[in-house]
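Q: Any chance you could fold what I've pasted below:
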Amino acid sequence: MRRLHSMTRMFGSAAAALCGALAVTLADAGEQRPATGLVRWSADEKAVLASLSLKRLPPVPADPSNAVEAQPAAIAFGRSLFEDARFSRNGAVACASCHDPARQFQDGRPVSQGVGTGSRRAMPIVGAGHATWLFWDGRKDSLWAQALGPLEDAVEHGTNRVRVARQVAANHRGEYEALFGALPGLDGPPGDASPRGNAAEQEAWATIEPRRREEVSRVFANIGKAIAAYEKSLQPAPTRLDGYIDAVLLGDRAAGSLLRADEARGLRLFIGKGQCVSCHNGPLFSDQQFHNTGVPQRDATRPDRGRAAATAAVRGDEFNCLGPFSDARPEQCQELRFMVSDDPALEGAFKTPGLRGVAGRPPYMHAGQFATLEQVVRHYVAAPHAPVGHSELTHRHAGAAAPMHAERAPIELSEAEVADLVSFLGTLTAERPLAAVAPTTPGSQDGRASPPGEVHGPHRPGPGRRGHDDGLLSDRRFGGHGAQRPLPILLGRGCAAPPG
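A: Predicted coordinates for the structure are as follows:
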């Protein structure tokens, strides 16, 4: 009996040892490739994760050049204008054509299609109120100035400011005058006239006396301010990643169920080895600056110089912060006054787009050069020479010149790591459609909507309305190409996963 008891104890000990060894083996395997997204994060990594949380997004900064942007009436009026296709030459293009609420306020095309075909793609406008420079090249310094550009662009809306002013008088007089006061008389100017139109429109504009030209241009500027009020009210919705970050920071083990193992591995690559967070940082996943990362030209016969060609345009824009139609005082226009314009690194540089919702809006880059996120990631691993200017990426190509940014390490990922990084980007999709997010009033402290208090469900343009182009809207924050904000992690200055 004692022998049997001894054997039982022996087998029990062996079984316990085997189970212990198996547990260690499984734990080690789990540490390398966990079955769930439960991974260990260092204090520095948690600090970076916290910086990406939507809860860290500050209130939308007030734009001193737009005095009406916070008024509910301006937001409502701006939405009406945003959906109205009558503000186009063919009556078929409104802002919502290329910034479709059902498509994250973009159009899914490589380049946008207005009355003609553009040269860059439409960027989503949700969260654009946080940006200092607008369009891919930053040639506008406010949302309201940006909104005006497509209206007079020959391949976007293709209209002109006199026609726009008369459309307002005919179809939106009450809304306009409630915000901006009485419309001027518009019977005198020619039907089609603009300083930026075709030759005939420019000749007609020259025949208008200066005072009347100023009145028309002010109506035109006010239309942009109302559209900007609506666009600025659109804010991003939470994603799975936001829930995961919140759980990690609280020490909640339920975090492991919020991301798959490959997504969690991809997140670690995103903030570390992949160097993506060097440019795609903050709650909007954008440093709001301009970078040359060697993206191929869409049309090699017409090189796109990006930011380098845009600084003169924004400085000379009559609708900029320092212009006659701005509501700002000169000292409130610091970004424009101190804009960097002579940095060689601006040649071929484009705005860092935000990544929220990126998996749902192919194709990618400023002219839809890549069809998939996998192609985007592989581009950064390959780090080709820039077709214009010099790429910031470090590469190991034979015969390559010394990289301009030697502190950035090459981005070297295995096939499995490329797949994991792409999987992670899918976690940035909102849990509910962006079009269903209630608008926020600029400067609100809780990130929620003040009146009009209307939830923006998936909407379509109303009678006589369709959608808008612009093909080039971008985010904002810092002027020029200054140094990036420091991150509390040790990595190179890469831009490893830009979207469209």
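Q: okay, CA-based contacts and neighbour counts for the rest of this
A: OK.
Q: burial measure for the closest residue in space to G266 that isn't next to it in sequence, as a count.
A: Computed as CA to CA, 6 or more residues apart in numbering, the closest residue to G266 that is not its neighbour in sequence is L421, at 4.0 Å. Residues near L421, counting by other CA atoms under 10 Å, number 27.
Q: where are the low-confidence patches of the stretch 201-350 of the chain?
A: Residue ranges of the stretch 201-350 of the chain with pLDDT under 70: none are present.
Q: Just the strands from it, written as ranges.
A: For the stretch 201-350 of the chain, applying DSSP state E, counting those that start in this stretch gives strands covering 290-291, 350-351.
Q: repeat for the stretch 1-150 of the chain
A: According to DSSP E, counting those that start in this stretch, the stretch 1-150 of the chain contains no strands.
Q: still on that earlier bit, just the strands of the stretch 201-350 of the chain: most buried one?
A: Highest mean neighbour count of the strands of the stretch 201-350 of the chain: strand 350-351, a mean of 28 (counted as mean count of other CA atoms under 10 Å).
Q: in its sheet, what does that strand sit against?
A: strand 290-291 (antiparallel) (DSSP bridges).
Q: Need the residues that contact the strand it pairs with.
A: D137, R307, A345, L346, G348, A349, F350, K351, T352, E392, G480, H481 (CA atoms under 8 Å, 6 or more residues apart in numbering).
Q: Let me have those residues in TSV, extended by distance to H379.
A: As requested, the contacts of strand 290-291 are exported to TSV (distance: CA to CA, whole Å):
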residue	distance to H379
D137	21
R307	21
A345	20
L346	20
G348	16
A349	16
F350	16
K351	17
T352	15
E392	13
G480	25
H481	22
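Q: which of the residues you listed are buried?
A: Among those, those buried by neighbour count (16 or more other CA atoms under 10 Å) are D137, R307, A345, L346, G348, A349, F350, K351, T352, E392, G480, H481.
Q: pLDDT value on Q32, please?
A: The score at Q32 is 45. That number is its pLDDT.
Q: List just the nearest of the buried ones among the contacts of strand 290-291 to L52.
A: Comparing the buried ones among the contacts of strand 290-291 against L52 with CA to CA places T352 closest, at 15.3 Å.
Q: Tally up the residues packed near T132, please.
A: Using other CA under 10 Å, the number of residues around T132 comes to 24.
Q: So it versus E335, what's the distance?
A: In this view, T132 and E335 are 8 Å apart by CA to CA, to the nearest Å.
Q: Also E45?
A: 31 Å.
Q: Ok, E203 next?
A: 34 Å.
Q: Neighbour count for those two, which is higher?
A: Shown here are E203 and E335; by other CA under 10 Å, E335 has more neighbours (17 against 14).
Q: P190 and H395, how far apart?
A: According to CA to CA, P190 stands 57 Å off from H395.
Q: pLDDT below threshold where in the stretch 1-150 of the chain?
A: In the stretch 1-150 of the chain, residues with pLDDT under 70: 1-38.
Q: can you give me the helices for the stretch 51-200 of the chain?
A: Under the criterion DSSP state H, counting those that start in this stretch, the stretch 51-200 of the chain carries helices at the ranges 72-82, 143-152, 161-171, 173-180, 199-206.
Q: returning to what we had before: identify the farthest-apart pair in the buried ones among the contacts of strand 290-291.
A: Farthest pair in these, by CA to CA: D137 and E392, 16.7 Å.
Q: what number of residues lie near the nearest residue to E215 once chain neighbours are set aside?
A: With sequence-adjacent residues excluded and distances taken as CA to CA, 6+ apart, E215 is closest to P184, at 6.7 Å. By the other CA under 10 Å criterion, the neighbourhood of P184 contains 13 residues.
Q: Just the pLDDT at P184, thanks.
A: In this model, P184 is scored at 95, pLDDT.
Q: give the contact list for L421.
A: D262, E263, R265, G266, L267, L269, F270, V377.
Q: which one among those gets closest to G426?
A: E263 (8.1 Å).
Q: mind checking how far the residue lying closest to that closest one once chain neighbours are set aside is from S341?
A: The shortest distance from E263 to any non-neighbouring residue, by CA to CA, 6+ apart, is to F424 (4.2 Å). Distance of F424 to S341, computed by CA to CA: 36 Å.
Q: Settle it for me: which of those two has more neighbours?
A: A direct count of neighbours by other CA under 10 Å for F424 and S341 places F424 higher, at 23 against 18.
Q: what helix or strand does the more buried one sit in?
A: Under the criterion of DSSP states H and E, F424 resides in helix 415-425.
Q: Give me the neighbour count for A300.
A: 10.
Q: A128 against A229, yeah?
A: No: counting by CA atoms under 8 Å, A229 is not a contact partner of A128; they are 11.0 Å apart.
Q: measure P150 to S97 for me?
A: 12 Å.
Q: Tell me which of the two has more neighbours.
A: Counted by other CA under 10 Å, P150 and S97 do not tie: S97 has more neighbours, with 27 against 24.
Q: Nearest residue to D137 in space, ignoring adjacent ones along the chain?
A: D137's closest residue in space is R307 (CA to CA, 6+ apart), at 4.4 Å.
Q: so what's the one you found up against?
A: Contacts of R307 (CA under 8 Å, 6+ apart): W136, D137, G138, R139, F290, L346, E347, G348, A349, F350, K351.
Q: Export those residues to a markdown table and append columns for distance to S51.
A: Output for those, formatted as a markdown table (distance: CA to CA, whole Å):
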| residue | distance to S51 |
| --- | --- |
| W136 | 24 |
| D137 | 26 |
| G138 | 25 |
| R139 | 28 |
| F290 | 20 |
| L346 | 27 |
| E347 | 30 |
| G348 | 29 |
| A349 | 25 |
| F350 | 23 |
| K351 | 20 |
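Q: which of the residues in stretch 203-222 are buried?
A: Going by 16+ other CA under 10 Å, stretch 203-222 has these buried residues: 204-205, 208, 212-213, 215-222.
Q: Between P190 and H395, which has more neighbouring residues?
A: Neighbours per residue (other CA under 10 Å) separate P190 from H395, with H395 holding more: 22 against 15.
Q: hang on, the earlier thing: export the contacts of L421 to TSV and tack on neighbour count and distance to G78?
A: As requested, those are exported to TSV (neighbours: other CA atoms under 10 Å; distance: CA to CA, whole Å):
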residue	neighbour count	distance to G78
D262	22	42
E263	23	39
R265	25	42
G266	24	39
L267	25	38
L269	21	41
F270	23	37
V377	25	37
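Q: which among these gets closest to P110?
A: V377 (17.8 Å).
Q: helix/strand/coil for the closest one?
A: Look at V377: counting by DSSP: H, G, I helix; E, B strand; the rest coil, its state is helix.
Q: And for the one 10 residues further on?
A: Here P387 takes the coil state, with states given by three-state DSSP.
Q: what about it, how many residues close to it?
A: 18.
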